[in-house]
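**Student:** Provided below are the primary sequence and the corresponding predicted coordinates.
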Amino acid sequence: MGLGTRADYGELAEQLAALIEGEPDLVANTANMAALLYNGLPELNWAGFYFARNGELVLGPFQGKPACVRIAWDAGVCGTAAALGQAIIVPDVDAFPGHIACDAASRSELVVPLVTGRRVVGVFDLDSPRPGRFDEEDRAGIERLVAILLAHHPDWP
């Protein structure tokens, strides 16, 4: 990312913790997290969740254009991150085998799995219209935010 556009993940973590404090509803908290990051990170065109349901990923709360509703467990960037149980940074989605283009404007992507215990319960997905938008600092920052969310919902459904 360019100078002056670096995200302050510490501040975002504090804001997320304040938003979800005392709120037990998973949908409300994931909706607020998607909105916080969509509006708090530069150069995004989509931010949101997919939840594991019956062997596939199903669209959850998000910000951005309408998205693919269902993704096979090992398909595209989201399904691959879920299957591997690890974050994936894709600098150029057109070069990712099997990329699912929900929004043709997306050029790069970061997907962080939601892992509770040893179970992947979903993924958090960020898309950008700029190639190479995401780096290791973004991955670590989003993993920190996902950890805050998961710690608040230890009994994820």
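**Tutor:** Thanks, I have the structure now. None of these values were measured; they are calculated from a predicted model. Numbers count the residues shown, from 1 in each chain.
**Student:** okay, CA-based contacts and neighbour counts for the rest of this
**Tutor:** Will do.
**Student:** residue ranges of the helices in this structure, please?
**Tutor:** Using DSSP state H, the helices assigned to the chain run over residues 9-20, 26-40, 76-84, 136-152.
**Student:** and among the ones you listed, the most buried is which?
**Tutor:** helix 76-84 (a mean of 23; mean count of other CA atoms under 10 Å).
**Student:** Check which helices and strands that one sits against.
**Tutor:** strand 70-72, strand 88-90, strand 108-116, strand 119-128 (3 or more CA pairs under 8 Å, 6 or more residues apart in numbering; DSSP states H and E).
**Student:** Distance to residue 91 for the helices of the chain - can I get that in JSON lines?
**Tutor:** Formatted as JSON lines, the helices of the chain follow (distance: least, CA to CA, whole Å):
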{"stretch": "helix 9-20", "distance to residue 91": "20"}
{"stretch": "helix 26-40", "distance to residue 91": "19"}
{"stretch": "helix 76-84", "distance to residue 91": "11"}
{"stretch": "helix 136-152", "distance to residue 91": "11"}
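**Student:** any chance of the ones you listed in TSV, plus mean pLDDT?
**Tutor:** As requested, the helices of the chain are arranged in TSV below (pLDDT from 0 to 100):
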stretch	mean pLDDT
helix 9-20	97
helix 26-40	97
helix 76-84	95
helix 136-152	97
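**Student:** so which of those helices gets nearest residue 48?
**Tutor:** With respect to residue 48, and counting by CA to CA, the nearest of these is helix 26-40 at 5.1 Å.
**Student:** Just the C-alphas of that closest one, formatted as CSV.
**Tutor:** Extracted C-alpha coordinates of helix 26-40, given in CSV (Å, rounded to 0.1, in the frame of the first residue of the first chain):
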residue,chain,number,x,y,z
LEU,A,26,-23.4,-13.3,16.0
VAL,A,27,-25.1,-11.7,13.0
ALA,A,28,-25.1,-8.2,14.6
ASN,A,29,-21.4,-8.5,15.4
THR,A,30,-20.3,-9.9,12.1
ALA,A,31,-22.4,-7.2,10.3
ASN,A,32,-20.7,-4.5,12.3
MET,A,33,-17.2,-6.0,11.7
ALA,A,34,-17.9,-6.1,7.9
ALA,A,35,-19.1,-2.4,8.0
LEU,A,36,-16.1,-1.3,10.2
LEU,A,37,-13.5,-2.8,7.9
TYR,A,38,-15.3,-1.8,4.6
ASN,A,39,-15.4,1.8,5.8
GLY,A,40,-12.1,1.7,7.7
